[in-house]
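*Asks:* Quick one: sequence and predicted model below, then my questions.
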Amino acid sequence: MPELPEVENARQVVERALDREIASIDDTDEFVCRPHGPGEIDHALKGGRLTVAHRRGKTMWCDTVTADGDEGPHLGIHLGMGGRIFVTGPSGDAESLYAGGDPHVGGMPKKAGERPDKPEWDRFRMTFADGGELRLFDKRRLGRVRLEPDLDALGPDAAEITRDEFRARVGKGTAPLKARLLDQSVLSGVGNLLADETLWEARMSPSRPAGELTVAELDALRTTLRKATRSAIKKGGVHTGEVIPHRAKDETCPRCGAPMERGTVGGRTTWWCSAEQAE
DNA sequence: AACAATGTTCAGTC
DNA sequence: GGACTGAACATTGT
């Protein structure tokens, strides 16, 4: 679930947790909260508040202030392969918001907004003095929470990258085009489904060497990527893409009817239209 | 049982 | 050193 669009939606949910006093934190999952020891994040943030929620690619982080009003550490949150963010209002307020994404994935309850009935899949919890909480719900446990996340290895955000940056960063090398789009140091935020959706919309072969694209093709690809990304944010996740339901055996291209083809590109399962995206 | 799952990272190769 | 590939990571569902 969590690619750029889901993380942007999650970031907006995290904004509901800003400016509320942090009463306590459960950071005892040592895999998710590594390299911190149990209690370390709790100690660093207890009594303070989150003040701003940022995002670059699939990484989120919050600015914080301490109880005294001084600048606090940054709190990084990554949803990994299947994490979701839940934020509840002050106690008595029944509202529970969570980041979008495919409702059929990740052990989610049937009704949107309902709390998942698997507390053991909560990997991190921040409880506020007003009785509400922020939780990272992550069945697969590949999400991460840490202080002072390192953003240096991330390329420009896929939703913000300029035309010239895109031309220079994506349009080079011998790696398959899809592998290039998935490389978070080239540009950040594109995941497996958004890559398949974008390449399908652009009618480009995922396995074509990235360096072979013309400038016109690169510009068109960037335009398509922005459109697919904006659409996914608006509709609630990358699973709302047009070709996504057709990433399956015996499926056909929703545009031309040709069989969908499956293979591995950039180390990930890849589906493409056998006619329109032929090499 | 073996495999795949919307992600990242590290070891290994050229 | 850079570019690139594939396995490993933790866990669950099919």
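*Replies:* Nice, thanks for sending it over. Residues are numbered from 1 along each chain as shown, chains lettered A, B, ... in the order given.

*Asks:* can you pull out the helices in chain A?
*Replies:* Listed in chain order, the helices of chain A (DSSP state H) span residues A:4-14, A:40-45, A:163-170, A:177-182, A:192-201, A:215-235.

*Asks:* Quick check: which of the ones you listed is nearest to DNA strand B?
*Replies:* For these, distance to DNA strand B was read as Cβ to the nearest atom of the strand. The smallest value, 3.1 Å, belongs to helix A:192-201. No exception for glycine: its C-beta is placed from N, CA and C like everyone else's.

*Asks:* From the contact counts, what lies against the closest one?
*Replies:* Helix A:192-201 is packed against helix A:177-182, helix A:215-235, strand A:268-273, with contacts defined by 3 or more Cβ pairs under 8 Å, 6 or more residues apart in numbering; DSSP states H and E.

*Asks:* is A:L75 in a bridge, and if so with what?
*Replies:* For A:L75, the beta-bridge partners are A:C62, A:L147 (DSSP bridges).

*Asks:* Tell me which residue in chain A sits closest to DNA strand B.
*Replies:* A:G191 (2.0 Å).

*Asks:* dump the residue contacts of that residue.
*Replies:* Residues in contact with A:G191 (Cβ atoms under 8 Å, 6 or more residues apart in numbering) are A:P2, A:E3, A:L4, A:K58, A:L182, A:V238.

*Asks:* Contact residues of chain A facing DNA strand B?
*Replies:* Residues of chain A found near DNA strand B (Cβ under 7 Å from any atom of the strand) are A:1-3, A:6, A:57-59, A:78, A:80-82, A:101-102, A:104-105, A:140, A:142, A:153, A:184, A:191-193, A:237-239, A:267-269.

*Asks:* What subset of those residues is buried?
*Replies:* A:1-3, A:6, A:57-59, A:78, A:80-82, A:101-102, A:142, A:184, A:191-193, A:237-239, A:268 (16 or more other Cβ atoms under 10 Å).

*Asks:* Show only the entries of these found in strands.
*Replies:* Among those, the ones falling in strands (DSSP state E) are A:T59, A:H78, A:R268.

*Asks:* Can you tell me, leaving aside adjacent residues, what's nearest to the last one?
*Replies:* The shortest distance from A:R268 to any residue other than its chain neighbours is 4.7 Å, reached at A:N192 (Cβ to Cβ, 6 or more residues apart in numbering).

*Asks:* same thing with A:G155?
*Replies:* In space, A:G155 is closest to A:L187, 4.4 Å off (Cβ to Cβ, 6+ apart).

*Asks:* Ok, A:E133 next?
*Replies:* Spatially, and ignoring its direct neighbours in sequence, A:E133 is nearest to A:T127 (4.9 Å; Cβ to Cβ, 6+ apart).

*Asks:* Then A:A202?
*Replies:* Nearest non-adjacent residue to A:A202, counting by Cβ to Cβ, 6+ apart: A:T224, 4.3 Å away.

*Asks:* neighbours of A:I25, just the number please.
*Replies:* 23 (other Cβ atoms under 10 Å).

*Asks:* Ignoring the adjacent residues along the chain, who's closest to it?
*Replies:* Setting aside the residues directly before and after it, A:I25 is nearest to A:D42 in space (Cβ to Cβ, 6+ apart), at 3.9 Å.

*Asks:* and the stretch 1-150 of chain A, which of its residues are near DNA strand C?
*Replies:* Residues of the stretch 1-150 of chain A found near DNA strand C (Cβ under 7 Å from any atom of the strand) are A:F31, A:M81, A:G107, A:E120, A:W121, A:K139, A:R140, A:R141, A:L142.
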